[in-house]
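Enquirer: Provided below are the primary sequence and the corresponding predicted coordinates.
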Amino acid sequence: MPQVNYYWRLLATGLCFFSFGIGALFISSIIFPLQTLLIKDKAKRKEIARYTIHKAFALFVNMMKFSGVLAVKLENFEQLNNMREKIVIANHPSLIDVIVIIAYLPNADCVVKSDLFKNPFLRGVVRRVGYIDNNNSEQLFNDCKQSLAAGCNIVVFPEGTRSESGRPLTFKRGAANIAVRCRANYQPIVISMHPSTLTKKESWYDVPNKKVVMTLAAQTPIDNSKYFNDTNTSLAVRALTRETQQYFCKELELNG
Amino acid sequence: MQSKEEILSMLTELLVDEFEIPTEDISLDADLYGELDLDSIDAVDLVVRLREITGKKIAPESFKQVRTIADIVEALAELATPA
């Protein structure tokens, strides 16, 4: 029986990713153009596009759940219901982290790497929902300030790329730069995956030998205000980066 | 008039005090983004600070080609001696 189950999960995983690609193309070539025709107000349009993505990602996560590929456990997510103006930071064990976070977080903005604005499947989506390009730093901080002022929460993976499983995390300073320069607090989410899958080294078809359980634990928000009035921003950013990196390593029981 | 040695010592002090770079890592051929672990945001901050310290206008664009400590020293030395 475990064999049958394995092949089923391999097939189901393939179907889920295939649907994801088709869904992204469908949304950017049909749904978004329709929304453009029907909705004249640009801000409203972006808001609805974002809601569309939130629901589409939720559908994808449900597909993975119902097909038996993935189980998702949420801890303390009630506290995120009315959350505003936070930088949501999370460790990054797998390819689907951001999809799962956005599936459960309606008001999420996201800082994404510039490459995604060139990816044929995703560029239509990231442009339309107004996700923030990490390419130009001055533009980045202005975009983040605007997004926070509008009440959004910005999802950032401070590692900048997926974690290496079992290794201590190394944070880049982008998240702390946004927090300090835009004067925003952190909402940490600790993600764990057992068994690990869809890491940087694996392809989608490296399906583990049992169903994956993904836990997303929303932690107590971190007050960053002690860093806001530092005369030296780059030192404040370095200190905050160190502090949050240690925090995540401790939560994940990694010795860093 | 600043000599290259003076520029290097000013730059070293700045990198040590404000960017937490260990003194022993700083050498003329040290790579800013590799060995010294600066990122693109640091580069912008560094240009701003150098502008404040030297009083010279440094265009962020001219900093795009800069890769090593020696490159910065050269660029600043050039600004100090108008052709």
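Expert: Happy to help now that I have it.
Enquirer: for the residue of chain A found nearest chain B, which non-adjacent residue is spatially closest?
Expert: Across chain A, the shortest distance to chain B (CB to the nearest CB) belongs to A:Ser137, at 4.6 Å. No exception for glycine: its C-beta is placed from N, CA and C like everyone else's. Using CB to CB, 6 or more residues apart in numbering or on different chains and skipping residues adjacent in sequence, the residue nearest A:Ser137 is B:Ile41, 4.6 Å away.
Enquirer: helix or strand for that neighbour, just tell me which one.
Expert: Using DSSP states H and E, B:Ile41 falls within helix B:40-54.
Enquirer: now that helix: average pLDDT?
Expert: Averaged across helix B:40-54, pLDDT comes to 89.
Enquirer: next, A:Val126: secondary structure please.
Expert: Secondary structure, DSSP: H, G, I helix; E, B strand; the rest coil: A:Val126 is helix.
Enquirer: and the helix holding B:Ile41, how far from the chain's centre?
Expert: Distance, stretch centre to chain centre, for helix B:40-54: 8 Å (CA atoms, centre = their mean, to the nearest Å).
Enquirer: which residues does that helix contact?
Expert: Residues outside helix B:40-54 that contact it (CB atoms under 8 Å, 6 or more residues apart in numbering or on different chains): A:137-138, A:173-174, A:177, A:233-234, A:237, B:10-11, B:14-15, B:18-19, B:32, B:38, B:56-58, B:60, B:63, B:66, B:72, B:76, B:79-80.
Enquirer: list the buried ones in the helix or strand immediately after that helix in the chain?
Expert: Using DSSP H and E, the helix or strand that follows helix B:40-54 in sequence is helix B:69-80. Judged by neighbour count using 16 or more other CB atoms under 10 Å in any protein chain shown, the buried positions of helix B:69-80 are B:Ile69, B:Asp71, B:Ile72, B:Val73, B:Ala75, B:Leu76, B:Leu79.
Enquirer: again, but for stretch A:137-149
Expert: A:Ser137, A:Leu140, A:Phe141, A:Asp143, A:Cys144, A:Ser147, A:Leu148.
Enquirer: the strands in the stretch 51-200 of chain A, which residues?
Expert: A:70-75, A:86-90, A:108-112, A:132-133, A:153-156, A:185-194 (DSSP state E, counting those that start in this stretch).
Enquirer: give me the mean pLDDT for the longest one.
Expert: The one in question is strand A:185-194. Strand A:185-194 comes out at a mean pLDDT of 96.
Enquirer: in its sheet, what does the very next helix or strand once past it sit against?
Expert: Remark: after strand A:185-194, the chain's next helix or strand is strand A:212-218, criterion DSSP H and E. With DSSP bridges as the test, strand A:212-218 is paired with strand A:70-75 (parallel), strand A:185-194 (antiparallel).
Enquirer: let me know which of those strands is tucked in deepest.
Expert: Most buried of the strands paired with strand A:212-218, by mean neighbour count (mean count of other CB atoms under 10 Å in any protein chain shown): strand A:185-194, with a mean of 20.
Enquirer: circling back: min pLDDT across the buried residues of helix B:69-80, which one?
Expert: The minimum pLDDT among the buried residues of helix B:69-80 falls on B:Leu79, with 80.
Enquirer: which non-adjacent residue is nearest that residue?
Expert: Using CB to CB, 6+ apart, the closest residue to B:Leu79 is B:Lys56 (4.5 Å).
Enquirer: could I get the strands paired with strand A:212-218 as a markdown table with distance to A:Arg242?
Expert: Listed next are the strands paired with strand A:212-218 as a markdown table, based on distance: least, CB to CB, whole Å:
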| stretch | distance to A:Arg242 |
| --- | --- |
| strand A:70-75 | 26 |
| strand A:185-194 | 14 |
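Enquirer: can you tell which of the ones you listed is closest to A:Val212?
Expert: strand A:70-75 (5.1 Å; CB to CB).
Enquirer: pLDDT on that closest one, on average?
Expert: Here the average pLDDT along strand A:70-75 is 96.
Enquirer: return the helix or strand harbouring B:Ile7 as PDB; C-alpha atoms alone will do.
Expert: In the assignment (DSSP H and E), B:Ile7 maps to helix B:4-19. The C-alpha trace of helix B:4-19 is given here as PDB (Å, rounded to 0.1, in the frame of the first residue of the first chain):
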ATOM      1  CA  LYS B   4      45.200  57.900  -1.600                       C
ATOM      2  CA  GLU B   5      46.500  56.800   1.800                       C
ATOM      3  CA  GLU B   6      44.300  59.400   3.600                       C
ATOM      4  CA  ILE B   7      41.300  58.400   1.500                       C
ATOM      5  CA  LEU B   8      41.900  54.700   2.400                       C
ATOM      6  CA  SER B   9      42.100  55.400   6.100                       C
ATOM      7  CA  MET B  10      38.900  57.600   6.000                       C
ATOM      8  CA  LEU B  11      37.100  54.800   4.100                       C
ATOM      9  CA  THR B  12      38.400  52.100   6.500                       C
ATOM     10  CA  GLU B  13      37.100  54.100   9.500                       C
ATOM     11  CA  LEU B  14      33.700  54.600   7.900                       C
ATOM     12  CA  LEU B  15      33.300  50.900   7.000                       C
ATOM     13  CA  VAL B  16      34.500  49.700  10.400                       C
ATOM     14  CA  ASP B  17      32.400  52.200  12.400                       C
ATOM     15  CA  GLU B  18      29.200  52.300  10.400                       C
ATOM     16  CA  PHE B  19      29.000  49.000   8.500                       C
END
